[in-house]
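Q: Got a sequence here, can you model it:
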Amino acid sequence: MRPKTVFRKVESKNVPYLQLWIMSTIISIFFVALIYTLLMIFYMNLLISLSADRILLFTILLLILINTLICEGKKFYLKKSKKEYDKVIIDHNGITFLNTYNQTIIAKILWKNIQPRENEKFDIDFYTRIKIGGAPRIIDYFFWNLKESNDSKIPLWSPNKFALMFKKFTNYADLLKAFFSGISLFRADITVNPGVYGMYRLNPASFDIDNEGIKKENRTVLLLIVSSIIITLIIICSIVFL
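A: Numbering: from 1, shown residues only. Predicted structure coming up:
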């Protein structure tokens, strides 16, 4: 007798508060640098008249204030939002998107909701393009056909938001693996464009993510962030000790 396949439930993991605080501190530093730049342009004499101790104190208080506004502002926004989610659960039923701050189910996509796409080569497909308007950026579009049922809640998201639906979580790789494993197990009739796995850096056989490739990208991004922070700190220090 063939053993029954067990699908392991996967829940999303949010960014730890300390990591969020560090990220918000980086953003705060940029805001403080911008504020000082504007003060230098329009109120140069005021800055010159202030002592280094006062400027340093003002800088620290400003960093704490902006940091707090960012962290607490995120919580306040999630409590009021009816569209944003902070938790995802993938199990044998499907994918559930939750807002734990106001106990709302934002979306619920069951495996049975995924339907074939008529007159299309693949039922799950993607398209990538570079958006030129404003700051140039690469946008990924995720295409699939979802049919509403009485026990589901299909969101009216754009193809780009569907492509990034797990991106905000620290266990992004686990969620992707569970998602494609679920399609393979519960909807074997659904065809997937092999390029989709390439878009997410997944092994099409095991659905494991290419961690080495992602680490290289993260190191590059980290280097850019650290360089930006150093430059920003040099600007602030030159103002403080002017």
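Q: For the rest of this, base every contact and every neighbour count on C-alpha atoms.
A: Will do.
Q: Quick one: the strands in the protein, in order.
A: 10-11, 87-90, 94-99, 104-110, 114-115, 125-131, 137-143, 145-146 (DSSP state E).
Q: and residue 30, which of the ones you listed is closest to it?
A: strand 137-143 (21.3 Å; CA to CA).
Q: Sheet-wise, list the partners of the closest one with their directions.
A: Counting by DSSP bridges, the strands paired with strand 137-143 are strand 125-131 (antiparallel).
Q: Residues in contact with the partner strand: which ones?
A: 136-144, 192-193, 195-196 (CA atoms under 8 Å, 6 or more residues apart in numbering).
Q: how far does it sit from the chain's center?
A: 18 Å (CA atoms, centre = their mean, to the nearest Å).
Q: Kindly state the pLDDT recorded for residue 10?
A: Predicted confidence (pLDDT) for residue 10: 95.
Q: Correction: the previous question concerned residue 136.
A: So, for residue 136, pLDDT stands at 60.
Q: lowest-pLDDT helix or strand in the chain?
A: helix 211-240 (a mean of 70; mean pLDDT, DSSP states H and E).
Q: ok, the residue nearest to the spatial centre of the chain to residue 230 distance?
A: Here the mean C-alpha position of the chain is nearest to the C-alpha of residue 168 (CA atoms, centre = their mean), at a distance of 2.8 Å. From residue 168 across to residue 230, the span is 26 Å (CA to CA, to the nearest Å).
Q: And residue 172, by the same measure?
A: Distance, residue 172 to residue 230, using CA to CA: 30 Å.
Q: Name the residue in those two with the higher neighbour count.
A: Between residue 172 and residue 230, counting by other CA atoms under 10 Å, residue 172 is the more crowded of the two (18 against 12).
Q: So the protein: which segments form each domain?
A: Domains of the chain are assigned by automatic domain parsing as 10-80+218-240, 87-209.
Q: Out of these, name the one with the poorest average pLDDT.
A: Taking the mean pLDDT of these, domain 10-80+218-240 comes last: a mean of 77.
Q: from the chain's centre, how far out does that one sit?
A: Distance, centroid of domain 10-80+218-240 to centroid of chain: 20 Å (CA atoms, centre = their mean).
Q: now stretch 163-177
A: On CA atoms, centre = their mean, the centre of stretch 163-177 falls 8 Å from the chain's centre.
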